[in-house]
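**Q** Predicted coordinates and the sequence they were generated for:
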Amino acid sequence: MTTQLLLVQALNGLQLGILLFLVAAGLTLVFGVMDFINLAHGVQYMLGAYLGAAFAAATGSFWLGLLLALPAALTVGLVLELLVFRHLYARDHLSQVLATFGVILFLNEAVKVVWGAAPLQVAIPPQLEGGIEIMPGLQYPLYRVAVLVAGVATALGLWWLVERTRAGMLVRAGATNAPMVSALGVDITRLFTLVFAFGAMLAGFAGVLAGPIFSVEPGMGDNVLILAFVVIVIGGIGSIRGAFVAALLVGLVDTLGKSLMPDLMRLFLDASAARQAGAALASMLVYVAMAAILAFRPAGLFPVRAG
Amino acid sequence: MREAWLPLAVLLALGLAPLAGFGGAYETTLMARAMILGMAAVALSFLVGGAGLVSLGHAASIGVGAYAVAILDAHGVTEAALVLPAAVGAATLFALATGAIAVRTTGVHFIMITLAFGQMAFFTASSLAAYGGDDGYTLFSRTEAFGTRLLEDRLAFHYICLGALALSWALSAMLLASRFGRVLRAVRENPQRVEAVGLAPYPFRLVAYGIAGGIGGLAGFLLANATEFVSPATLSWQRSGELLFMVILGGVGRLWGAILGALVFVMLETWLAEQMQHWKLVFGPMLVLAVLFLRGGLAGLVTPRHG
């Protein structure tokens, strides 16, 4: 394990963290404002990736694909909200978990019907091909750098939106005390529809960005969803800042763990067993972190709700 | 217990089925699967409906039981007198150890922390390179009952599963009706008042969680023997979601509803999968509709709750 490899893995970890943040941001707001557990948020990410891939293939340009996929993801989010989720806000968490679980089953299968079960490959846009030298003799793919930059820019934009605008103020107020906001004359249902659709678009955006890096396949959203839940629990439900810090943390722990753990395990086990045990232990690390947070600091690192 | 005629009729039907022309390999395999998942679902219903603990990690206890069978099998131990207590014991211990932390939390935090522990168990299972890792482990043979190959016999296995199901239901129902169960239900409704009366909720919730885990372990023991195969997929969070769905479908608050839910779930899943390739396209929306419109579950349809 050289410094160079460590640096590359750290960058990969940050980049996974950024993607997780884009997914978790919508999830944490929906969860925070309306107390709604949306398991189907992961499929929004998957749909974004598929829509991006399909539009890119149809138009021949990654950028046009991205441009078309965003409103499409937004529309899907709105339709789902109107058809299903809106009727679940007043229900208990159990009902929400199950109904959104049904949506996952449906959309995972629908994607298979439309695009087939085989993974799709998305080409990196020509402008972002190749690598840049981040250290003497060390090339890092330009596209991944671009993903990092785009993610950080989105995070900053989101921070501005939530902290500095009136709509953001309402969202924050909603996360702290939704009934009070409603009592003060704000149409909380409309606010929530907006938050929901916006969150769906962010997840879709993350999916489009992830397309050229990971393979685009049915069920790709499920693992991301569970990691996003880990992120919002660690960060504190409803907190954008918490989601950002926790997403980077989870991305780093997961990626670095997966590359370091097998080597660490090799001290005790033979090579193949070490690879398997190491990867599993690394995957487990983030859940251990989440369980510890839940047990000892249930409100997360950046608690939103007072009391 | 006035409504007990329906579950008893279901159990009786299951008992008569092999004699009434449903004794083929296909039918008994299907029924065994339904009964085994029904057992786990009853235990989960005991947790959800009785104690108000919505666990999204119940598949882990099935998995621990199943893996106990696999690991002992790999070491040549196939005697039920040893394997069965090991499977149930391991699952109970797993539930008690994770529950010691998990039942300190409530509501959505409990859902998330059980999910985290379930994922940890999942990754542990996929790291067991000696027992198949990701690919799973095929048993050498079914567990022997006191040196005989009783479990190999189709009919005998059917009635063993039926007996275990009836036992799980009776045990859960008796527990819920007992003083222990009354405290559990009181804790679900209002933990502060229970404490004010002078009872600590924690040990009651923990014991309930351990018992549900033990029943899950029994289901795991039977599941491993039914399929003669164990894989990490047994512990996936999707499986936990399916178990929760069985409970909801059957009707929360009625233990036997879970048996009904599991039967309908398994039959529907199998039937739909035979009708079409993309059966989840129908199954997913059915799940959503069931949550939205079938509030009391199937049990509520059959015997509307009065009072």
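**A** Perfect, I can see it now. Quantities reported herein were computed from a predicted structural model and do not represent experimental measurements.

**Q** Now do the contacts for whichever residue of the stretch 201-307 of chain A sits closest to chain B.
**A** Going by Cβ to the nearest Cβ, chain B is nearest to residue A:280 of the stretch 201-307 of chain A, at 2.9 Å. For the C-beta atoms, the positions are set from N, CA and C on the backbone; glycine is no exception. By Cβ atoms under 8 Å, 6 or more residues apart in numbering or on different chains, the contact list for residue A:280 reads B:123-124, B:126-127.

**Q** Quickly check those for the two that are furthest apart.
**A** Farthest-apart pair in the contacts of residue A:280 is B:124 and B:126; separation 7.5 Å (Cβ to Cβ).

**Q** Shouldn't the residue of the stretch 201-307 of chain A closest to chain B be within a helix?
**A** Yes: assessed with DSSP: H, G, I helix; E, B strand; the rest coil, residue A:280 lies in a helix.

**Q** Kindly provide the distance from it to residue A:185.
**A** Separation of residue A:280 from residue A:185 (Cβ to Cβ, to the nearest Å) stands at 52 Å.

**Q** And for stretch A:190-198, what's in contact with it?
**A** Residues outside stretch A:190-198 that contact it (Cβ under 8 Å, 6+ apart) are A:26, A:29-30, A:33-34, A:74, A:77-78, A:81-82, A:85-86, A:89, A:167, A:170-171, A:174, A:181.

**Q** Which of those residues fall within strands?
**A** In strands, judged by DSSP state E, none of the contacts of stretch A:190-198 are found.

**Q** List buried residues within those.
**A** A:26, A:29-30, A:33-34, A:74, A:77-78, A:81, A:85, A:170-171, A:174, A:181 (16 or more other Cβ atoms under 10 Å in any protein chain shown).

**Q** Spatially nearest residue to whichever residue of the stretch 101-250 of chain B sits closest to chain A (excluding sequence neighbours)?
**A** The nearest approach of the stretch 101-250 of chain B to chain A comes at residue B:127, 2.9 Å away (Cβ to the nearest Cβ). What sits nearest to residue B:127 in space, not counting adjacent residues and going by Cβ to Cβ, 6 or more residues apart in numbering or on different chains, is residue A:280, at 2.9 Å.

**Q** which one of the contacts of residue A:280 has the most neighbours?
**A** Counting neighbours by other Cβ atoms under 10 Å in any protein chain shown, residue B:127 leads those with 24 neighbours.

**Q** which ones are touching that one?
**A** Per Cβ under 8 Å, 6+ apart, neighbours of residue B:127: A:276-277, A:279-281, B:133.

**Q** mind running it again at 10 Å?
**A** Contact partners of residue B:127, counting by Cβ atoms under 10 Å, 6 or more residues apart in numbering or on different chains, are A:265, A:273, A:275-284, B:133-134, B:232.

**Q** Next, name the residue at the spatial heart of chain B.
**A** By Cα atoms, centre = their mean, chain B has its centre lying nearest to residue B:40, at 0.8 Å.

**Q** Check which residues of the helix or strand that it is a member of are buried.
**A** Using DSSP states H and E, residue B:40 sits in helix B:25-45. The neighbour-count check on helix B:25-45 (16+ other Cβ under 10 Å) flags B:28-45 as buried.

**Q** and it, what does it pack onto?
**A** Contacts defined by 3 or more Cβ pairs under 10 Å, 6 or more residues apart in numbering or on different chains; DSSP states H and E place helix B:25-45 against helix B:5-16, helix B:59-74, helix B:154-177, helix B:201-227, helix B:237-250, helix B:255-275.

**Q** Can you say which of the ones you listed is packed in most?
**A** Compared across those, helix B:59-74 shows the largest average neighbour count, a mean of 28 (mean count of other Cβ atoms under 10 Å in any protein chain shown).

**Q** Let me know the angle separating that helix from helix B:201-227.
**A** 50 degrees (axes from the mean of the first three to the mean of the last three Cα atoms, to 10 degrees).

**Q** Can you confirm whether the next helix or strand after helix B:59-74 lies near chain A?
**A** Using DSSP H and E, the helix or strand that directly follows helix B:59-74 along the chain is helix B:80-102. Yes: for helix B:80-102, a contact with chain A is found by Cβ under 10 Å from any Cβ of the partner chain, at B:98, B:100-102.

**Q** pLDDT for the residues you listed - can I get that in a markdown table?
**A** Output for the residues of helix B:80-102 next to chain A, formatted as a markdown table (pLDDT from 0 to 100):
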| residue | pLDDT |
| --- | --- |
| B:98 | 91 |
| B:100 | 90 |
| B:101 | 86 |
| B:102 | 87 |
